[in-house]
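[1] Test case, fold it:
(chains A and B)
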2 protein chains.
Amino acid sequence: MNATATAGVARRAVRVPDDSRLDWDKVGPAVELLLRDYVESAQANAASVWARELWDHIGRGLDGGKRLRPQLVCLAYAAFGGTDARECASVGASFELLHGALVVHDDVIDRDFVRRGHPNVAGIYRDAGLARGLPIGEAKHLGSSIAVIAGDLLLTASLRLLEQTTAEPAIRSQLTDILHRAIADAAAGELADVLLAGPVPAGDLPAGEADGRIDDVLDMERLKTATYSFEAPLRAGAVLAGAEAGAVEAVGRVGSLVGTAYQVIDDVLGTFGDERQTGKPVTSDLREGKLTVLTAFAHPDSASPGSGGPDLDQMRDALHEAGADSYALTLAHSLVTEALDEARRADLPPALRSELTRICNHVLHRES
Amino acid sequence: MNATATAGVARRAVRVPDDSRLDWDKVGPAVELLLRDYVESAQANAASVWARELWDHIGRGLDGGKRLRPQLVCLAYAAFGGTDARECASVGASFELLHGALVVHDDVIDRDFVRRGHPNVAGIYRDAGLARGLPIGEAKHLGSSIAVIAGDLLLTASLRLLEQTTAEPAIRSQLTDILHRAIADAAAGELADVLLAGPVPAGDLPAGEADGRIDDVLDMERLKTATYSFEAPLRAGAVLAGAEAGAVEAVGRVGSLVGTAYQVIDDVLGTFGDERQTGKPVTSDLREGKLTVLTAFAHPDSASPGSGGPDLDQMRDALHEAGADSYALTLAHSLVTEALDEARRADLPPALRSELTRICNHVLHRES
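    Modelled structure (predicted):
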């Protein structure tokens, strides 16, 4: 996530003229407090010194996130008239913990030991294993094993926090449904990501989407990222504020489209972007042989992953020459256009529509 | 779990003379139905064909389990006067799903691709990867990655099922606390298991518990297995039936002790037992360099795991010659004695006390 995009969400919210309206200035600190409280309580109740230490690393991993998902909860909640900062923060923090869980497990699956320029949970315990004299393969397995455990703790934390909201039963039940649907979609998306990866089928496939793999990638990205990061937080905020079912569905559809565009841009940044900006090695997707909009479009020649390694720079050049990056940007634009059309068709509150438009523009300009 | 032990729980329950009393004959089929319904509903709502297939494999993995945890829920629930088979089954099925989740993630951590003599989720997708032409290392990573996803789905399923019980809010909140505590303990136990593993410290340590490692192992086994498999199901059954707090605590303490004894016996079976009985390679613990009561007692000479492999048969012989197995059996006996003392001290219902005594005997005689 680009810092500018989310800082923008916060700044804009402050400018809203109606003082009684809930804004991120009130909700943001409450989210931080809830996350810190959760980690501290988990540490205080930890069954062992090791578990306390693990929670310490988990807590640091949560620090400094952009809080995109809580901000989207807040945006929809406020737009539909919600006023309870604490309730809104609980739901937002729940999504932030879910994000943490999915990132930790995704890193295990992608064999990434670095996140935002620092060792992630797996990296920290891999390094501890190396310091204990373990061979590198065993040290990595130790790190990944503990990351599996850490992700489980975060996943249950996410559900736990939502259980503790004081929303009335009917609302809480809908929120729980939304969160579980988000988890199921994220799992299905991750599964597709893993199964679509691997060496590109042999033969000189023509560039383009004729073989349907672009649709597979977009479906995967919608499930893996767009649901839990955009659609579900927006829907949850709307539900918590008591919005009507039609409006909840509409804001969800907009979120799903914007979120998919966001992930398409992420593919571009993940391959052509600045490593300091993305916080993880830009070649991670290529190294793991992941199918992205770029590789689905241009089928770069690649060796099998792990087999001594393909020449990643060369693959990147080939993708650029085939026009994969500009194709991806065009695709992201058309998804955003569709999202804005949807927002116009539905009778969403004007303030929400203008915020969604601004978010769409930020998503599209992350690459700049 | 030994088939005889749990079949015994079912048989004995049938013999209870009072016809109005809830027994496993009523609850068991309801548990099966709930598990099947959950899997079928997840399949019907699956976001992709791949996700539906994964749920199919998850469902088969759940089939044929001994349902130890639901039986313990039922035992305590009935003993404290509970009569609602459906409620009891919901809580029981929730623990069965938690067990499924922990087993799947534990197998990832232990690099086991077989469970009960068949490929587990990781094994199924590893084999599919091999069939697609992936090198073995990549195929295993594919299998493990999908097992991480499967465990996440089962973990959330466990919490989901508990959310759907119709117990009154105060009871449900206690049940949720018990389940979350069980998950936290299991995570702390798994963490200890991973961190205690590895090459035995250099030097000829004397056999015995003087170095405190036996206590570390017992603590680890209590957290990793006894809480979620014995203590929590018994407590949950008691809470659901409206038992008093003191009785809930007492039945929990008994469960914790019996569960630890169970795991100590499991260590013995896992090293000296019959592979057809345990359903997984008997050398798995030794291969992974896991610290068990046996290896903590006798410090067998071992090569680093993964380094071409220690001679597992030789290690097993050395453990036996050092008396590690008979030490472990004595330890299990003393834990069970402590459990039965606790059951006597606390004012538990006589029927429950006699059932717990029978379970203790079964736990001790699993090795025969």
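
[2] Work out for me the element the nearest residue to residue A:338 once chain neighbours are set aside sits within.
    Spatial nearest neighbour of residue A:338, excluding adjacent residues (CB to CB, 6 or more residues apart in numbering or on different chains): residue A:257 at 5.3 Å. The C-beta positions use only the backbone N, C-alpha and C, and glycine is treated the same way. Taking DSSP states H and E as the criterion, residue A:257 maps to helix A:245-272.

[3] What residues does the stretch 101-250 of chain A have near chain B?
    A:101, A:105, A:108-109, A:111, A:132, A:134-135, A:137-138, A:141-142, A:145-146, A:148-149, A:151-153, A:155-156, A:159-160, A:163, A:176, A:180, A:183-185, A:187-192, A:194-195, A:198, A:219, A:223 (CB under 8 Å from any CB of the partner chain).

[4] Of those, just the buried ones, ChimeraX syntax please.
    The following ChimeraX line selects those of these that are buried, judged by 16 or more other CB atoms under 10 Å in any protein chain shown:
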select /A:101,105,108,109,111,134,138,141,142,145,146,148,149,151,152,153,155,156,159,160,163,176,180,183,184,185,187,188,189,190,191,192,194,195,198,219,223
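
[5] which residues of chain A fall in strands?
    A:114-115, A:118-119 (DSSP state E).

[6] show me the contacts for the residue nearest to residue A:338.
    Residue A:257 makes contacts with A:226, A:335, A:336, A:338, A:339, A:342, as judged by CB atoms under 8 Å, 6 or more residues apart in numbering or on different chains.

[7] follow-up on the earlier one: from the strands of chain A, which stretch is densest packed?
    strand A:114-115 (a mean of 17; mean count of other CB atoms under 10 Å in any protein chain shown).

[8] Poorly predicted segments of the stretch 201-350 of chain A, please.
    A:201-211, A:275-283, A:300-310 (pLDDT under 70).

[9] Contacts only, for the closest residue to chain B within the stretch 151-300 of chain A.
    For the stretch 151-300 of chain A and chain B, the shortest gap (CB to the nearest CB) falls at residue A:188, measuring 3.9 Å. Contacts for residue A:188 (CB under 8 Å, 6+ apart) come out as A:223, A:224, B:46, B:47, B:48, B:50, B:51.

[10] now with 7 Å?
    A:223, B:46, B:47, B:48, B:51 (CB atoms under 7 Å, 6 or more residues apart in numbering or on different chains).

[11] Setting the sequence-adjacent residues aside, check what's closest to the first one.
    Closest residue in space to residue A:223, ignoring its immediate chain neighbours: residue A:189 at 3.2 Å, by CB to CB, 6+ apart.

[12] can you check the last one too?
    Nearest in space to residue B:51, with sequence neighbours left out and distances taken as CB to CB, 6+ apart, is residue A:188 at 3.9 Å.

[13] So residue A:227 is in contact with residue A:182, correct?
    Yes - assessed by CB atoms under 7 Å, residue A:227 is found in contact with residue A:182 at 5.3 Å.

[14] out of these two, which sits in the more crowded spot?
    Ranked by neighbour count (other CB atoms under 10 Å in any protein chain shown), residue A:227 and residue A:182 place residue A:227 first, with 27 against 24.

[15] ok, how many other residues are close to residue A:177?
    Quick note: residue A:177 (other CB under 10 Å) scores 15 neighbours.

[16] er, residue A:221 I mean
    24.

[17] And residue A:365, by the same measure?
    12.

[18] And the pLDDT for it?
    pLDDT for residue A:365: 86.

[19] list the contacts for it?
    Counting by CB under 7 Å, 6+ apart, residue A:365 has no contacts.

[20] What separation do you get for it and residue A:359?
    Going from residue A:365 to residue A:359 by CB to CB, to the nearest Å gives 11 Å.

[21] Next, show the common contact partners of the two.
    With CB under 7 Å, 6+ apart, residue A:365 and residue A:359 have no common neighbours.

[22] what's the burial count for residue A:44?
    9.

[23] same question but for residue A:361, I mixed them up
    Neighbour tally, residue A:361, other CB under 10 Å: 13.

[24] Ok, residue A:74 next?
    32.

[25] Need the pLDDT of it.
    At residue A:74, pLDDT is 97.

[26] and what of residue A:198?
    Residue A:198 is given a pLDDT of 71.

[27] Skipping its backbone neighbours, what lies nearest it in space?
    residue A:289 (5.2 Å).

[28] Residue A:339 and residue A:254 touch, don't they?
    Yes - between residue A:339 and residue A:254 there is a contact at 4.9 Å, judged by CB under 7 Å.

[29] Compare the two and say which is more crowded by neighbours.
    residue A:254 (29 against 25).

[30] thinking again about what came up before, from what I see, the residue nearest to residue A:223 and residue A:220 are in contact.
    Yes - in terms of CB under 7 Å, residue A:189 counts as a neighbour of residue A:220; the distance is 5.4 Å.

[31] Name the residues contacting each of those two.
    Joint contacts of residue A:189 and residue A:220 (CB under 7 Å, 6+ apart) do not exist.

[32] would TSV of the strands of chain A with mean pLDDT be doable?
    Listed next are the strands of chain A as TSV, based on pLDDT from 0 to 100:
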stretch	mean pLDDT
strand A:114-115	90
strand A:118-119	94
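
[33] so which of those gets nearest residue A:212?
    strand A:114-115 (32.6 Å; CB to CB).

[34] in its sheet, what does the closest one sit against?
    Sheet pairing for strand A:114-115, assigned by DSSP bridges, gives strand A:118-119 (antiparallel).
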